Structures are given as structure tokens and as C-alpha cells.
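[1] Need a 3D model of the following:
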Amino acid sequence: MAIASETCCVTDANRNRPGAVNAEAGLVFVRARLIRQITRIERRIQGCLRRAEKAHPMTIPLPERWRLFPVAGDCRSPLIAGGCHSATPHPAAVAKWRARGFNLSLACGPASGVLALDIDRKGDVDGFAAFAELVGEFGPLPETVESITPSGGAHLLFAFPDGPAPANRVGIKRYAADGSRRVYRGLDVRGHGACICLPPSRKPGGSYAWRRPPSDARLADLPRWLLALFRSEPPPRPPAPPLNLSSLAKTARYVCAAIDGECGVLAAMPKGSGRNQRLFIASARLGELVGAGLLLQDRAEDALERAASDCGLVREDGLGAVRATIASGIRRGAQNPREVGA
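    Here you go, the predicted model:
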């Protein structure tokens, strides 16, 4: 009605000015067109929401901050490029995905404000047993948003903590001061760059369901002991002993002397003096240094091939046969690494 009245509000003065009348009429037309377009968009959004509610009668209102993205029937494969990195909190996009019957995943991390503890129960892995052990030692967790997975596991959602972000983990790791660790299988951490599927998503093995939906509970803060476990890192390695350069030089001279000695004897051997047997023995002795990490294998092979060529063995037996003997000898020697004193 407001638009209609505007079309009639043309003063006598404007009637005498055709250009002004045309400009005013054009403005009214544009304004009416914009209102019609906005009305159509609003109706389309409301239709998407109604269809989503019809397709998913168990849909629970989700926090506006949560960033969501659609996934396939396996509840893993993203249906948009970028996966969780392209997740959005935009209600129109979420309503469209729901209306099309897509499963939805939550992108965990600081953007959504969510850190998830994924308790798995599959095959011989029972995350609930590991969880009960930790709770028995440190105490119960506060009530928080929680869902049930099709395999009988659970997703416990917590407020994303301040400070250093916990790393995503498959199996919570607990390190001792001596560097040893205990892995709690079936307890996974889902933070930045990870995701969890939300109810009422469904896959062939069953559906996800809320045990404590976000409409009935708030995201609890992580207890200090659990946050410490999530951030647990192996203790630093003890400092390495100072490098003894004189010892390294002595070892290098020893290795060079070994190469020169073995290859020098072989290179000087005449035909009929057991050159092939000597080649194998020299290869095995240098192989001991290869096994000890004191000599690169390709360096040993090059030196032995040159010695075999100098004594005529390559010309008479062929390079393939010589290389086979060298490889066999080095393998034998590498099984018994040589200990070289400092």
C-alpha cells in the first residue's frame, strides 16, 4: 500500500515537469522490484527450513557459532570443496543441506569453539574402558553436550580452551618422565582441522543421536587433568655428548685405510690368483663398515668395481657378474657391523 500511495503522490508542480515525473516513477518501480525480490528470498528460506524440519523431525537447534558442512552417506566424505575448512555457520546454507537430506558434520576448533573427545567402540578397541580408567584415577567429567555414534561410541563436546591448541590425536598419549608412554586406545581428540558427524546424520550402520543436546546443556570447560593429557608431549631428549672432532678424524682415516688396503690388494692380483674370491672377501670386509654406518654403500661399490677393473676381472667375467659378487659380499658383511674404537 505504501508503494501504491507513492505512485499517486505526484504534485501539481511535478506534473508540469515531465523529466521529474519520469525519474520519480522509475525510482518507485525499482523500489517495488527490490521488495518483491526480498519477499521471494524470504519465502525460499522459510520453505527450506520447513522442508528440513519435515525431513529431520529430530533436528535440534544448534549454536549459531557452529560451522557445519555436508558429508556423504558414509559420514566421512565431504560434499563441498575444502571439507571442514569450508564449513559455514550460515543458516540458509545449512537449511538447504538439511532440505536435501545431507548428513552434517561439525568443524571442530576455535572457529566453532568446540573441542571433541571421540570415544570409540569398534572390534577389540573399547574406548569406554580406557575412559573409565582415567575417570577412576582423576575424577568424573562435568556434564557437557554429548552424542551417541552408530557403533555405540560417544562424542563429548567441550568448550575450546584458551592457550596452546591441543593437537588432534588418535589415541590419547600419556608420557612419563623417563620418556615411556601409555596410549589410551579408543580415545581420540578432535580439534582444529578435524570434525565430527552430528545427529541426526545416518549411515548404513545406524544413526547419530543426542544424549545431551546443545539445547539442554552448555559446552563444559575441560578439566585441567584432561587438558593436560590432551597437550601431553614426550619429554625432551637428553643432550647429546659433545662432538669429538679428533675422534671423527681418526675414524675417517681408519675407513680410508680399509678401503685402500682391500682394493689395493685386489687391483694388483694377476689372472688365476683367486681374484673373484678375493673380491667377495674385500666386499664383505667393507660391508662391515657399511653396516656400522661408517661407509656409504655406493662409495664401497665404486671402489671395489674400480679395483676389479684394474685387475682385469671386469673385462673377463663381465660387469654384471662383478657387481653381483660385490653385492653379495656387502650383504654378508653388513650383517656383522664392525666396531671401531674412538
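[2] chain center to stretch 95-113, what's the gap?
    In this view, stretch 95-113 has its centroid 19 Å away from the chain centroid, taken as Cα atoms, centre = their mean, to the nearest Å.
[3] in that stretch, what counts as buried?
    Going by neighbour count (16 or more other Cβ atoms under 10 Å), the buried part of stretch 95-113 is 95-99, 102-109, 111-113. Backbone N, C-alpha and C define where each C-beta goes, glycine included.
[4] How are the strands of the stretch 201-342 of the chain distributed by residue range?
    All strands of the stretch 201-342 of the chain, identified by DSSP state E, counting those that start in this stretch, fall at 202-203, 206-207, 209-212.
[5] Pick the most deeply packed of those.
    strand 202-203 (a mean of 18; mean count of other Cβ atoms under 10 Å).
[6] quick one: average pLDDT of that strand?
    With pLDDT averaged residue by residue, strand 202-203 scores 90.
[7] Tell me which strands that strand pairs with, and in which orientation.
    strand 206-207 (antiparallel) (DSSP bridges).
[8] domain ranges for this structure?
    If you go by automatic domain parsing, the domain ranges for the chain are 2-53, 68-230, 245-334.
[9] any chance of the strands of the stretch 201-342 of the chain in TSV, with distance to residue 337 too?
    What follows is the strands of the stretch 201-342 of the chain, written out as TSV (distance: least, Cβ to Cβ, whole Å):
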stretch	distance to residue 337
strand 202-203	52
strand 206-207	55
strand 209-212	58
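[10] From the buried residues of stretch 95-113, which land in helices?
    Per DSSP state H, helices hold the following members of the buried residues of stretch 95-113: 95-99.
[11] which one of the residues you listed sits closest to residue 318?
    residue 97 (68.6 Å; Cβ to Cβ).
[12] which residues does the closest residue to the closest one other than its chain neighbours contact?
    Distances taken as Cβ to Cβ, 6 or more residues apart in numbering put residue 70 closest to residue 97, at 4.4 Å, once the chain neighbours are dropped. Residue 70 sits next to 78-80, 97, 100, 102-105 when contact means Cβ atoms under 8 Å, 6 or more residues apart in numbering.
[13] one step back: mind putting the domains of the chain in TSV, distance to residue 340 included?
    Formatted as TSV, those follow (distance: least, Cβ to Cβ, whole Å):
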stretch	distance to residue 340
domain 2-53	73
domain 68-230	28
domain 245-334	6
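[14] Mean pLDDT lowest where, among the ones you listed?
    Across these, domain 2-53 gives the lowest mean pLDDT, at a mean of 58.
[15] for residue 294, what are its contacts?
    Counting by Cβ under 8 Å, 6+ apart, residue 294 has contacts 251, 255, 338, 340.
[16] now these as JSON lines including neighbour count and distance to residue 144?
    Output for the contacts of residue 294, formatted as JSON lines (neighbours: other Cβ atoms under 10 Å; distance: Cβ to Cβ, whole Å):
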{"residue": "251", "neighbour count": "17", "distance to residue 144": "59"}
{"residue": "255", "neighbour count": "18", "distance to residue 144": "62"}
{"residue": "338", "neighbour count": "19", "distance to residue 144": "60"}
{"residue": "340", "neighbour count": "15", "distance to residue 144": "60"}
